[in-house]
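> have a look at this prediction, sequence included:
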Amino acid sequence: MVEGYIQEEIIDRIRNSIDIVEVLSDYLPLKKSGQNYKGLCPFHSEKTPSFIVSPSKQLYHCFGCGSGGDVFNFLVQYENLSFPETVRILAKKAGIKIEVKTRDPRLKTEKESLLKVNKTAEEYFHKILIGPQGKVTREYLFKRGIKDKTIEDFKLGFSLPAWGGLLTTMGERGYSPEILQKTGLIIPREDRKGYYDRFRGRIIFPIYNIEGDVIGFGGRVLDDTLPKYLNSPETLIYRKGENLYALNKAKDYIRKEPLILVEGYMDVIALHQAGITNTAATLGTALTKGHLKAITRFTKKVVIIFDADPAGKKAASMGLDIFVEGGIDVRIVSLPSGDDPDSFMMREGKDKFMNLLHGASNLIDFSLKQILDQDTGFWTVKNQELSEKISKVGEALVIISKIPNNIERGYYLKRLSEKTGIEETFLLEEFRRMKVQKRVHSPQSTVHSQRLRPKAEEILIHLMLKDKDIANEILNALNPEDITYPPFRTIAKAIETSLVKFKEIRPEKFINNEKDPEAFNLFSELSIKEMEYEDERKVMEDCLLHINNREKDKRLSELQFKIKEAEIKGTEEEVLNLLSEKQRLAKSVSMTSREVKMKG
């Protein structure tokens, strides 16, 4: 799909037409609690409801895990949707027609052109396969167990052995060599005098994005010619690290079942043909964060089936960091030696394949097994170098360190001790040393705990969110830049901007949830949070006074210290100058305090 944006006015219309209580009630039971509604948070496990929905603010906030926002944020988080997808769903619910506009018309035109070229090429390759020139290839596919319906479902094709078959045909249809080269379908000759087809004499597997657009191609030879597989290069519309083969077909099934992740096109096709439609494949790359993002839109459960050879087993382990840290439940299926999913399915059938799935190993167990259980019997070989053993233990500890749950980490440390014969206390000591090093070399977290939130600033933000007149008064007396806590500063600036632009408090329009999730969550929290004040004006003035005097108090402390230093040194003139500055500053603080009291 072409990237673009949805007009802000449309988003506002949807927001004003949708009732957050009605939408969220479809996902969890909500009970009336005063002016708000309350329920168990769907984003973390809890027994006492801490998830609050405010119909007046059209916001939700969980006071247990800190998640919060508006109806758009809820669907993005709960359904693992992109923002545009969420807007479309809510627009349909509200009966509002939306139009996606592009920020760069030239970019839109180029992307649309590349997609159109690929679609035409897909039809060209498919027509050859199902026609007279594809007879030999069809027979090959039939021998591999691929049926006519599957060929049609996956739009499989065939590229002629000729060097310019596609180039000539596409040229006749008005496509220039330049646009064909941008899709990767043709390659410039070394002498730069012309082009030739990338795919020649190969079965063609069209690759689709999640919306079903053709973004690239894979090609497989019918014999032992190398390379066995050839893929489109990365282009403006095709990123291998962000796409999975057949995810567009599997997406609806993996909302309820785990995603089965395999290595090859033929593996995917064989499994889909057998009715195992929750299957997709990587595109010749290691698993990436882009893949993780694509997968978690639909599921948090993955079963990885890689070939039984060492390279396949290594590939399975490569996803450990990404999946474990991403909170994905990953299982590994070990195929018999020499098998891949396609060959196993052909020989053994669906029932035995499903038995393999049911016996899938936990990813941590599988990865540790790869490190510690060598074919040579790693821990039983007496002449094994000690340094190599220590290195393997280090690899195992790195894997265990990725586990987010403390109890699970403890379990695997004990298992490692039993396997290696190394006392658990030594392993635990090394494990802690590694964690300390990681903290030292890692950038500091930007997440601030509640105890670090300056109380005076929090109260002022809460008061501003309650009433626009109070907000105007506070902002007349306080520059948002003087707020020290970054999320509160972001909210204050957003309030100020919304008052100028809309004459009302709508900070959510100016806080980017993706770039500053803490500020957005604090905004939802303080919008809903009930805080009682005996005298709002006095509380406001005290908080403003506290913030105003905060830097002055800090300077007074510094001056007191410098005065003592100067007295010890015996520099009388410096002492007098410092005392004079201290008196002026103390007088300023006192006058400010009196002014506030007189106003009260």
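Done, it's in.
> do you know how far residue 51 is from residue 300?
Separation of residue 51 from residue 300 (Cβ to Cβ, to the nearest Å): 20 Å. The C-beta positions use only the backbone N, C-alpha and C, and glycine is treated the same way.
> these two: who's more crowded?
In terms of neighbours (other Cβ atoms under 10 Å), residue 51 is the more surrounded of residue 51 and residue 300; the figures are 24 against 16.
> which residues touch the closest residue to the more buried one other than its chain neighbours?
Once flanking residues are discounted, residue 51 sits nearest to residue 41: 4.0 Å by Cβ to Cβ, 6 or more residues apart in numbering. Contacts of residue 41 were listed using Cβ atoms under 8 Å, 6 or more residues apart in numbering, and they are 49-51, 62, 64-65, 67.
> please report how far residue 41 lies from residue 69.
Residue 41 sits 13 Å away from residue 69, going by Cβ to Cβ.
> for the stretch 501-600 of the chain, which spans come out with low pLDDT?
For the stretch 501-600 of the chain, applying pLDDT under 70 flags the ranges 512-515, 551-554, 585, 587-600.
> what about the helices in it?
With helices called from DSSP state H, counting those that start in this stretch, the stretch 501-600 of the chain shows them at 517-528, 536-569, 572-599.
> any idea of the pLDDT on residue 424?
We have a pLDDT of 84 for residue 424.
> so it sits right up against residue 412, yeah?
No - in this structure residue 424 lies outside contact range of residue 412 using Cβ atoms under 8 Å: 11.1 Å.
> who has more neighbours, those two?
residue 412 (19 against 15).
> ok so that one is a helix residue?
Yes - remark: residue 412 belongs to a helix, assigned using DSSP: H, G, I helix; E, B strand; the rest coil.
> now do the contacts for it.
So residue 412 contacts 364, 368, 400, 403 (Cβ under 8 Å, 6+ apart).
> how about residue 323?
Taking Cβ under 8 Å, 6+ apart, we find residue 323 in contact with 287, 292, 302, 330, 363.
> let's see that with 6 Å instead.
residue 330 (Cβ atoms under 6 Å, 6 or more residues apart in numbering).
> where's it, which helix or strand?
helix 320-325 (DSSP states H and E).
> ok, residue 388 next?
Residue 388 belongs to helix 386-401, assigned by DSSP H and E.
> who are the packing partners of that helix?
The helices and strands touching helix 386-401, judged by 3 or more Cβ pairs under 6 Å, 6 or more residues apart in numbering; DSSP states H and E, are helix 363-372, helix 406-420.
> a markdown table please, covering the ones you listed and showing mean pLDDT and distance to residue 128.
Converted to a markdown table, the helices and strands packed on helix 386-401 look like this (pLDDT from 0 to 100; distance: least, Cβ to Cβ, whole Å):
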| stretch | mean pLDDT | distance to residue 128 |
| --- | --- | --- |
| helix 363-372 | 79 | 42 |
| helix 406-420 | 86 | 53 |
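> follow-up on the earlier one: closest one to residue 506 out of the contacts of residue 412, please.
For those, the residue nearest residue 506 by Cβ to Cβ is residue 403; the value is 42.4 Å.
> how many neighbouring residues does the closest residue to that closest one other than its chain neighbours have?
What sits nearest to residue 403 in space, not counting adjacent residues and going by Cβ to Cβ, 6+ apart, is residue 409, at 4.7 Å. Neighbour count of residue 409, defined by other Cβ under 10 Å: 17.
> now do residue 259
For residue 259, using other Cβ under 10 Å, the count is 25.
> look up how far residue 323 lies from it.
11 Å.
> buried residues in stretch 171-189?
Buried positions in stretch 171-189, judged by neighbour count with 16 or more other Cβ atoms under 10 Å: 175, 179-186.
> want to throw those residues into TSV with distance to residue 560, pLDDT and secondary structure?
As requested, the buried residues of stretch 171-189 are exported to TSV (distance: Cβ to Cβ, whole Å; pLDDT from 0 to 100; DSSP: H, G, I helix; E, B strand; the rest coil):
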residue	distance to residue 560	pLDDT	secondary structure
175	79	94	coil
179	74	94	helix
180	77	96	helix
181	73	95	helix
182	70	95	helix
183	72	96	helix
184	71	95	coil
185	76	97	coil
186	78	96	strand
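> now the two most distant members of those residues.
175 and 184 (13.5 Å).
> which residue, other than its chain neighbours, is closest to residue 366?
residue 332 (4.1 Å).
> please list the outside residues in contact with the host helix or strand of that neighbour.
Assessed by DSSP H and E, residue 332 sits inside strand 329-334. Strand 329-334 is contacted from outside by 301-305, 316, 323, 356, 360-361, 363, 366, using Cβ under 6 Å, 6+ apart.
> low-confidence ranges, the chain, go.
For the chain, the stretches flagged by pLDDT under 70 are 1-5, 99-108, 306-321, 325-326, 373-387, 435-452, 512-515, 551-554, 585, 587-600.
> centroid residue for it?
The centre of the chain sits closest to residue 293, judged by Cα atoms, centre = their mean, with a distance of 4.5 Å.
> how close does it get to residue 208?
Plainly put, residue 293 is 17 Å away from residue 208 if you go by Cβ to Cβ.
> same thing with residue 349?
Distance, residue 349 to residue 208, using Cβ to Cβ: 28 Å.
> and the two? Which one has more around it.
For the pair residue 349 and residue 208, the greater number of neighbours falls to residue 208 (21 against 11), based on other Cβ under 10 Å.
> from memory that one sits against residue 248, does it?
Yes - applying Cβ atoms under 6 Å, one finds residue 208 in contact with residue 248, separated by 4.6 Å.
> show me the strands in the stretch 151-300 of the chain, by range?
For the stretch 151-300 of the chain, the strands defined by DSSP state E, counting those that start in this stretch cover 157-159, 186-188, 195-197, 202-208, 214-220, 229-231, 259-262, 279-281.
> mind listing the shared neighbours of residue 424 and residue 412?
With Cβ under 6 Å, 6+ apart applied, the contact sets of residue 424 and residue 412 do not overlap.
> would you say residue 37 is within a helix?
No - read with three-state DSSP, residue 37 is strand and lies in no helix.
> so what's it bridging to?
residue 32, residue 53 (DSSP bridges).
> count of neighbours near it?
By other Cβ under 10 Å, 21 other residues sit near residue 37.
> same check, this time on residue 48
Residue 48 is flanked by 7 other residues according to other Cβ under 10 Å.
> just to check, residue 493 is in contact with residue 480?
Yes - with contact defined as Cβ under 6 Å, residue 493 counts as touching residue 480 (4.7 Å).
> ok, then the element right after the strand or helix carrying residue 113?
Element membership for residue 113, per DSSP H and E: helix 105-130. The C-terminal neighbour of helix 105-130 among helices and strands, as given by DSSP H and E, is helix 135-143.
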